[in-house]
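# following is a predicted model, sequence given first.
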Protein chains: 2
Amino acid sequence: MIPTFSRLKPLPFLPRTIKQLLQTSFPPAVQPTRPTGDQPSSVLSTSPSPILASASTPLSAQSDTTTVHGWVSNIQVKKHVAFLKIRDGTSDEALQVVVSGKKDDLSSGGDLRRTVESLTRGSSVKIQGELIPSPGAGQPVELQAKILTVLGECDSQTYLIEPSVVPSSTKDRSRPVKTTNRPTVHLRELAHLRMRERENAAVVRVRDRVAREWRSFLEVGGGEIFRVTAPSLNETVRTDKPPEAFFPEPPGASLTVSAQLHLETYLPVCPRAYTLSTSFRAEPSRSSRHLAEFTMLEVELAFVNRVDELMDFTEQGVKSVLRGLSRGLSLGDGQTEEMAKKIEKEEDPDAGAGIGVFWAKPGTTEKIRSAIEKPFGRLSYTEAIELLKRAHAEIPFELEPVDGQTLQTEHEQWLASREGGPVFVYDYPASFKAFYMLPNEDNKAGTVACFDLLVPGVGELAGGSLREHRLDPLLDVMRQRNMSTEPLEWYLDQRRYGSVPHGGFGLGFDRMVSWVTGVSNLKDIVGFPRFKGGCVC
Amino acid sequence: MIPTFSRLKPLPFLPRTIKQLLQTSFPPAVQPTRPTGDQPSSVLSTSPSPILASASTPLSAQSDTTTVHGWVSNIQVKKHVAFLKIRDGTSDEALQVVVSGKKDDLSSGGDLRRTVESLTRGSSVKIQGELIPSPGAGQPVELQAKILTVLGECDSQTYLIEPSVVPSSTKDRSRPVKTTNRPTVHLRELAHLRMRERENAAVVRVRDRVAREWRSFLEVGGGEIFRVTAPSLNETVRTDKPPEAFFPEPPGASLTVSAQLHLETYLPVCPRAYTLSTSFRAEPSRSSRHLAEFTMLEVELAFVNRVDELMDFTEQGVKSVLRGLSRGLSLGDGQTEEMAKKIEKEEDPDAGAGIGVFWAKPGTTEKIRSAIEKPFGRLSYTEAIELLKRAHAEIPFELEPVDGQTLQTEHEQWLASREGGPVFVYDYPASFKAFYMLPNEDNKAGTVACFDLLVPGVGELAGGSLREHRLDPLLDVMRQRNMSTEPLEWYLDQRRYGSVPHGGFGLGFDRMVSWVTGVSNLKDIVGFPRFKGGCVC
């Protein structure tokens, strides 16, 4: 008989975060007792909290010493008092620390004051003091400092600087950088500064949240979809594009551009499988929409028969993620918007801002709400081309939309902005789509059962298809395309031993974060962007 | 004002899984009404379920037609009836499908029977019929088939075969393979078969579960640790080992062996950060304990001051994961063990077995229970060497344990099996540890504040350390080791601008799955193992 195991204890050694401190609730301030006929005077003695009952005890004496660790994001020194803003990245908000200059109030008052006067923004500190309800407006609690220890100094001359000076090159590290104007290109090469810039910090948190919401949808809401581990090193060329040279051993191995073919082999044990993994593409351009290394969500579902079902699934997934994000952000009560606006106003650029910051951007909440509430648009490729041709006659595109040819980025963008939200384009011509896509029949001959999901500002967010699960038709296509079957025998074997109708999609995870946040360049969506010629730190 | 968004509808188009079908509950069979004085006869009319109330309606008439999709894992044809076992990977158990031979019972009886007689194991099928409580022992429900459609045939001659014949090479695909003896090496190269083999299927599910449990610990129990995205393409050489040649552009870029240095840059916005990502190592051996591509969990925590705290955190994390795994497996009531033993006995090797299968292996439940209940052992490196030297005097190791030198795999294994469970070895000599580890002081000079976590059968499961967060001592170490600072300027910058005490660890995710399941070769822990010369499909 095996026992049921008890829960583990909490982790006592991890210091309390600023987020936790800000959520501290204090008992409501007790009014001076003024007995009235309406209120029995015995009410205090029946109060559940002994602290509430003892109205004569000053609040400060009820608190223990609180320790906070973090980075100094703002310093205001006045005559008798200094105000510090401390951030540790766990909250949208900073903790206000009050340092009083009156010697009598503090055990080591003089030292403390001197320490504060030599403090610089960006320094890391440990502060011990008393956490009290803040008498000032703008924050729920504040810390009255008793001991301040500088953990790591920060050279203000090269850290955060004069607005006018932005270095032309990161090689010249002695030159100052201003972050308030978001010189994102330079920040990309300054790892110590980059993450502390408000929007970059917020992107980090949004990434985590988007991944959590996807997992929640897939593992619960989507019907117990299992995550599997897809390989990054891949012998197989997925499309007709040449692979990247990679490992000296084995010869011919390359980095994967997609986990899809491998994902399919999991279906007999995981009829609903997904992977959120790194993919690689040797993109020659330095486009803002591409990275050499990016994160892709790939889902594969057995027993799916129609591309409609795949689009339904994708739409519900995207909506579920957006709903989760907006729930977490208290979109319902406007609180976070207010907070984000406050942060915006405060000119407090570095350190730890949370994801609420994007909700203050014009149009963002409307974009999210509308995508959750409206059904996504659905256009067949044929309909899309018709619309594009008509548009081209009026406001010409750079490249003419041609029936039977691939859509250009500008076309995709136009279709999505015409829709005012996400739009599926489905049933593309087989000629420019991957070999494994299931051909449509009857009146849609020459097309494949696939879709692209386009969103405004980003373009293609996801692409999916039913897969050709029958051996002979698949071999025919490969023959027509002069593809060698030899490296794909293992993939063809899936069609020899109990093949089933199936389909799936790949969604650009970084692009989704870009769409949600409105941060348009993917290089600012990942911590360490890799692209042609770009692999600095 | 932004509205609160309503919940999405469930996904109606996803077919019901076998797991869901097996969990169908039927109303208890109603005994023929025999009124007694103790029981008021009005009880039926107040029953909450109208089905329960109508005892005269046969159970079968209450059921709708049920559709099941899956793979045939067993076929028994008797005179008037055939029994199929259908699996779809969502459950440990198979669904029993009964095909009656009596023509009158079935709408398309004759066809159905003929279809069954030509069925082969491994074929995929769609079966429509009536789900009823099973009259036979061994399964809760069964499906009485009405229509059976073969989705994908399976050539039984090359799929699953005579026990005596195992091919010497996968090139000879016409030769049969027997899976019951787990010819895992051959299976590794047969993607269509591999995942359907019982233990491999179970490993897939354990991987997913272990990852979920780690996330649950980190994101909730560990104190809101955020996941960040670490780069795989990396310009920096982490240790003194040469990097792998990788991308043609930029020159010198390689695949990462660890995300740690990059993880550290996130700390000012994510003082508790983790990444579960792919790492690469150009391991020249074909050891069962190494892969060229593997999954690593890396955690980095700001404001950590002692290696004890890191060990506490790691121990609690590992225990939390094991507890979660055993909870899900109903370890408490022995149910899963029984089930696993049944599967073992059934000679039903392919398709969809779940993770319970490992719990039937001798010693597994004891291993897990003991690791949850007992505190992990803790030995300083000095103590460990003393023990090893004494052991070497009695039962010599292949390689002598030498004070000041690295521990060999055999030494690590011995220490863990001596402990009978996980054991930390901490405070190793600085000389063979990484440059960024924080040196110990006082009586422990010459050592660094680090640990390795060793577990029986696997050896090193995790390794962690405090990091040198002070600039000058770090520069000194790099100088002593003749390391160029130029490629690591961005890492050194973290020490220039508000550095904080911090530390973290990396845990071999695949090794953890190997330890939990007892599947000892890492090549059988990942779906598509990559190693020197091994990148087959």
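Great, that's in hand.
# for the rest of this, base every contact and every neighbour count on C-alpha atoms.
Will do.
# longest helix of chain A?
Of all the segments of type helix in chain A, defined by DSSP state H, the longest one is helix A:307-328.
# which other helices and strands contact that one?
helix A:198-216, helix A:364-373, strand A:450-455, strand A:459-466, strand A:502-508 (3 or more CA pairs under 8 Å, 6 or more residues apart in numbering or on different chains; DSSP states H and E).
# which residue is nearest the middle of chain A?
A:R207 (1.8 Å; CA atoms, centre = their mean).
# for that one, what are its contacts?
A:D510, A:V513, B:V228 (CA atoms under 8 Å, 6 or more residues apart in numbering or on different chains).
# cool, A:S514 as well?
For A:S514, the contacting residues are A:V458, A:S520, A:N521, A:L522, A:I525, by CA under 8 Å, 6+ apart.
# quick check: closest non-adjacent residue to the first one.
To tie it back to what came earlier, the one meant is A:V458. Closest residue to A:V458 apart from its sequence neighbours, by CA to CA, 6 or more residues apart in numbering or on different chains: A:W515 at 6.2 Å.
# give me the distance from the helix or strand harbouring that neighbour to the chain's centre.
Assignment of secondary structure by DSSP states H and E places A:W515 within helix A:509-517. Chain-centre distance of helix A:509-517: 7 Å, with CA atoms, centre = their mean, to the nearest Å.
# what are the phi and psi values at the closest residue to A:T67 other than its chain neighbours?
Using CA to CA, 6+ apart and skipping residues adjacent in sequence, the residue nearest A:T67 is A:Q128, 4.4 Å away. A:Q128 adopts backbone torsions of phi -110, psi 140, taken as degrees, to the nearest 10.
# out of the contacts of A:R207, who has the most neighbours?
The most crowded member of those, judged by other CA atoms under 10 Å in any protein chain shown, is A:D510 (25 neighbours).
# separation between it and A:E213?
With distances taken as CA to CA, to the nearest Å, A:D510 is found 14 Å from A:E213.
# ranges for the helices of the stretch 301-450 of chain A?
Using DSSP state H, counting those that start in this stretch, the helices of the stretch 301-450 of chain A run over A:307-328, A:335-345, A:364-373, A:381-394, A:409-419.
# cool, the stretch 101-250 of chain A as well?
Using DSSP H, counting those that start in this stretch, helices in the stretch 101-250 of chain A cover A:109-118, A:156-159, A:184-187, A:191-194, A:198-216.
# show me what contacts A:V526?
Contacts of A:V526 (CA under 8 Å, 6+ apart): A:V204, A:D510, B:T229.
# verify the stated contact: the second one with A:L297.
Translated: A:D510. No. A:D510 lies out of contact with A:L297 (CA atoms under 8 Å); the separation is 9.6 Å.
# so where's the stretch 351-500 of chain A uncertain?
A:351-356 (pLDDT under 70).
# how about the residues of it near chain B?
A:351-353, A:369, A:372, A:487-488, A:490-491, A:493-500 (CA under 8 Å from any CA of the partner chain).
# got a ChimeraX select line for the buried ones in these?
For the buried members of these, the matching ChimeraX selection, counting by 16 or more other CA atoms under 10 Å in any protein chain shown, is:
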select /A:351,352,353,369,372,488,490,491,493,494,495,496,497,498,499,500
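# of the residues of the stretch 351-500 of chain A next to chain B, which belong to helices?
A:R369, A:I372, A:W490, A:Y491, A:D493.
# how about the fourth one, nearest residue that isn't a chain neighbour?
Setting aside the residues directly before and after it, A:Y491 is nearest to A:L261 in space (CA to CA, 6+ apart), at 6.9 Å.
# which helix or which strand is home to that neighbour?
According to DSSP H and E, A:L261 maps onto helix A:260-265.
# hey, C-alpha coordinates of that helix in PDB?
Output of helix A:260-265 as PDB, limited to C-alpha atoms (Å, rounded to 0.1, in the frame of the first residue of the first chain):
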ATOM      1  CA  GLN A 260       5.500  18.800 -38.400                       C
ATOM      2  CA  LEU A 261       6.600  15.600 -40.100                       C
ATOM      3  CA  HIS A 262       8.000  14.300 -36.900                       C
ATOM      4  CA  LEU A 263       4.900  15.400 -35.000                       C
ATOM      5  CA  GLU A 264       2.800  13.100 -37.200                       C
ATOM      6  CA  THR A 265       4.600  10.000 -36.000                       C
END
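# residue contacts, A:P140?
A:L22, A:P133, A:S134.
# please name the nearest non-neighbouring residue to the last one.
Using CA to CA, 6+ apart and skipping residues adjacent in sequence, the residue nearest A:S134 is A:V141, 4.4 Å away.
# ok, that neighbour - how many residues close by?
22.
# specify the beta-bridge partners of it.
When assigned by DSSP bridges, A:V141 has beta-bridge partners A:P133.
# measure it to A:Q96 for me?
Counting by CA to CA, the gap from A:V141 to A:Q96 is 8 Å.
# what does A:F226 give?
44 Å.
# residue ranges with poor pLDDT in the stretch 101-250 of chain A?
A:101-110, A:160-186, A:221-224, A:234-250.
# one more pass at 90, please.
A:101-118, A:120-122, A:133-141, A:155-209, A:212-213, A:216-250 (pLDDT under 90).
# which of the contacts of A:S514 tops the neighbour count?
Of the contacts of A:S514, with other CA under 10 Å as the count, A:I525 tops at 25 neighbours.
# tell me the contacts of that one?
A:N200, A:V203, A:V204, A:D510, A:V513, A:S514, A:V519.
# run a quick neighbour tally on the closest residue to A:V448 other than its chain neighbours.
Distances taken as CA to CA, 6+ apart place A:P439 nearest to A:V448, at 4.1 Å, with adjacent residues excluded. Neighbour count of A:P439, defined by other CA under 10 Å: 23.
# right, and A:P439 touches A:K433 too?
No. The pair A:P439 and A:K433 does not pass the contact test of CA under 8 Å, sitting 10.4 Å apart.
# name the residues contacting each of these two.
In contact with both A:P439 and A:K433: A:V448, using CA under 8 Å, 6+ apart.
# beta-bridge partners for the residue nearest to A:T67, please?
In beta-bridge terms (that is, DSSP bridges), A:Q128 pairs with A:T67, A:I147.
# what's the neighbour count on it?
Around A:Q128 there are 19 other residues, counting by other CA under 10 Å.
# that one touches A:T65, doesn't it?
Yes. Checked against CA under 8 Å, the pair A:Q128 and A:T65 is within contact range at 6.5 Å.
# hmm, back to that, which one of the helices of the stretch 301-450 of chain A lies closest to B:I18?
Of all the helices of the stretch 301-450 of chain A, it is helix A:307-328 that lies closest to B:I18, at 20.1 Å by CA to CA.
# what is the neighbour count of A:K19?
For A:K19, the count of nearby residues is 17 (other CA under 10 Å).
# nearest residue to it in space, please, no chain neighbours.
Distances taken as CA to CA, 6+ apart put A:S91 closest to A:K19, at 4.9 Å, once the chain neighbours are dropped.
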